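Trainee: Just to be clear, the model below is a prediction. Sequence and coordinates:
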Amino acid sequence: MRSIKSKIALITGASSGFGEATAFRLAAKGCNLILIARRYERLKKISNEIIEKFNVEVYPIKLDVRDQRKVFNVISKLPDKWKKIDFLINNAGLSRGLNKIQDGLLSDWEEMIDTNIKGLLYVTKAVIPLMLKNGSGHIVNIGSIAGREVYPAGNVYCASKHAVDALTKGFRIDLLGTNIKVSTVDPGLAETEFSIVRFHGDKKRAKAVYEGLVPLYADDVADAIEYVLTRDDNVVIAEILIFPKAQASSMHIHRETNKQT
Ligand code: NDP
Ligand code: 8X3
């Protein structure tokens with residue numbers, strides 16, 4: 001197991017869910033953090049909590065990963081000490097809507113494609129030159145079971161996560177020999193803000209997604225990310241597919257029903 005003390009991790013989508021939990025986990029191991037998301041107040045609060053608890057350095061940045069110009073601007077203007085990025089966790093992402101293809105909203109499709117695919121590409125393209133200059137790095141993409149299987153009404157979200165899967169594989173091939181490792185962590189059903197975002201703020205509908213089962217929680221996924229990052233230098237955990245116990249595939253989910261006596 002490799003120490004990550006004093007390393008620098010850049011985590012996108014760090015204002016909630018997996019990104020936030022990963023920030024706490026890595027900080028607990030002494031890792032310094034660049035945290036990116038759009039909701040800056042949340043990022044500030046998380047940063048302050050982490051600094052107080054773990055005595056590491058945290059650099060919160062308000063950034064929409066869809067904004068190509070700003071992404072390159074922000075990364076190129078990082079203070080020199082923050083340019084030594086060891087780990088890039090490409091986690092920012094979202095699903096919008098759960099509609100059959102004939103009923104989908106164009107605006108939902110644009111948002112998913114722009115965030116999950118293009119945003120991930122912009123951040124990666126901006127960070128890779130720094131890793132090449134540093135002579136090492138590790139990119140961890142957050143994929144999904146939706147990047148391995150297509151489920152009803154998942155259409156564009158599944159396509160975006162299939163693209164992430166292809167990009168992970170492509171990055172690993174192209175970066176071979178550069179000392180930059182590439183991994184993917186692909187979760188199944190996990191209760192975060194994901195479903196609230198998917199259903200445009202409908203909390204009742206979001207809650208129903210996890211009814212009758214114990215889902216993954218954000219820290220379960222953060223644990224997998226920490227595992228990937230702390231293997232010995234010669235080891236690449238190429239892929240982790242992580243389900244809650246109640247799930248066997250996108251379509252095989254076991255729910256306990258409340259039996260009335
Ligand atoms: P959350 O909604 O809790 O977190 C998503 C994070 O992404 C937030 O911090 C949000 O911050 C950030 N984000 C969204 N859009 C942008 C943007 N344009 N620019 C910058 N940051 C952005 O969901 P999860 O933690 O569950 O999701 C994290 C990743 O995991 C996503 O890629 C998702 O697709 C994937 N995933 C989720 C699963 C689940 O069941 N929960 C399962 C498998 C994969 P802000 O709004 O402040 O910008
Ligand atoms: C999120 C998991 O199954 O809702 O990527 O697509 S799922």
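Mentor: Happy to help now that I have it. Bear in mind the structure is a predicted one, so any value in this text is a computation, not a measurement. Residues are numbered from 1 along each chain as shown. Ligands and ions are numbered 1, 2, ... in the order given.
Trainee: Just to be sure, Ile61 is in a strand?
Mentor: Yes. Using DSSP: H, G, I helix; E, B strand; the rest coil, the assignment for Ile61 is a strand.
Trainee: Would you mind measuring from it to Gly104?
Mentor: 32 Å (C-beta to C-beta, to the nearest Å). In this view, the C-beta of every residue, glycine as well, is placed from N, C-alpha and C.
Trainee: do the same with Pro60
Mentor: Here Pro60 is placed at a distance of 34 Å from Gly104 (C-beta to C-beta).
Trainee: What mean pLDDT does stretch 13-21 get?
Mentor: For stretch 13-21, the mean per-residue pLDDT is 99.
Trainee: and it, C-alpha only, in CSV?
Mentor: These are the backbone C-alpha positions of stretch 13-21, laid out as CSV (Å, rounded to 0.1, in the frame of the first residue of the first chain):
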residue,chain,number,x,y,z
GLY,A,13,-17.9,17.5,-8.3
ALA,A,14,-16.7,17.8,-4.7
SER,A,15,-19.7,19.7,-3.4
SER,A,16,-21.7,16.6,-2.6
GLY,A,17,-22.0,12.8,-3.0
PHE,A,18,-18.9,10.8,-4.0
GLY,A,19,-16.7,13.8,-4.6
GLU,A,20,-17.3,15.2,-1.1
ALA,A,21,-16.8,11.8,0.5
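Trainee: And that stretch, how far out from the chain middle?
Mentor: 8 Å (C-alpha atoms, centre = their mean, to the nearest Å).
Trainee: Ok, stretch 246-254 next?
Mentor: For stretch 246-254, the gap between its own C-alpha mean and the chain's C-alpha mean amounts to 22 Å (C-alpha atoms, centre = their mean).
Trainee: who's in contact with that stretch?
Mentor: With C-beta atoms under 8 Å, 6 or more residues apart in numbering as the test, stretch 246-254 has contacts from 145-146, 149-151, 154, 188-189, 213-215, 255.
Trainee: Check the separation of the first and last residues in stretch 218-238.
Mentor: Start-to-end span of stretch 218-238 (C-alpha to C-alpha, to the nearest Å) is 21 Å.
Trainee: before we move on, the earlier item: please render the contacts of stretch 246-254 as a markdown table that adds secondary structure to the earlier fields.
Mentor: As requested, these are exported to a markdown table (three-state DSSP):
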| residue | secondary structure |
| --- | --- |
| Ile145 | helix |
| Ala146 | helix |
| Glu149 | coil |
| Val150 | coil |
| Tyr151 | coil |
| Gly154 | coil |
| Gly188 | coil |
| Leu189 | coil |
| Leu213 | coil |
| Val214 | coil |
| Pro215 | coil |
| Arg255 | coil |
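Trainee: Closest one to ligand 2 out of those residues, please.
Mentor: Among these, Ala146 lies closest to ligand 2 (C-beta to the nearest ligand atom), at 3.5 Å.
Trainee: What is the neighbour count of the closest one?
Mentor: A count of nearby residues for Ala146, using other C-beta atoms under 10 Å, gives 23.
Trainee: wouldn't it be in contact with Asn155 here?
Mentor: No. The pair Ala146 / Asn155 is not scored as a contact, 10.1 Å apart, by C-beta atoms under 8 Å.
Trainee: quick one on the thing from earlier: return only those of the contacts of stretch 246-254 found close to ligand 2.
Mentor: With C-beta under 6 Å from any ligand atom as the criterion, these include 145-146, 154, 188-189 near ligand 2.
Trainee: Throw the residues you listed into TSV and include pLDDT, thanks.
Mentor: Below are these laid out as TSV (pLDDT from 0 to 100):
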residue	pLDDT
Ile145	98
Ala146	98
Gly154	98
Gly188	98
Leu189	98
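Trainee: now, which of these sits nearest Asn48?
Mentor: Within these, proximity to Asn48 (C-beta to C-beta) peaks at Leu189, which comes in at 31.1 Å.
Trainee: Over to the closest one: give its phi and psi.
Mentor: Per-residue torsions, Leu189: phi -60, psi 120 (degrees, to the nearest 10).
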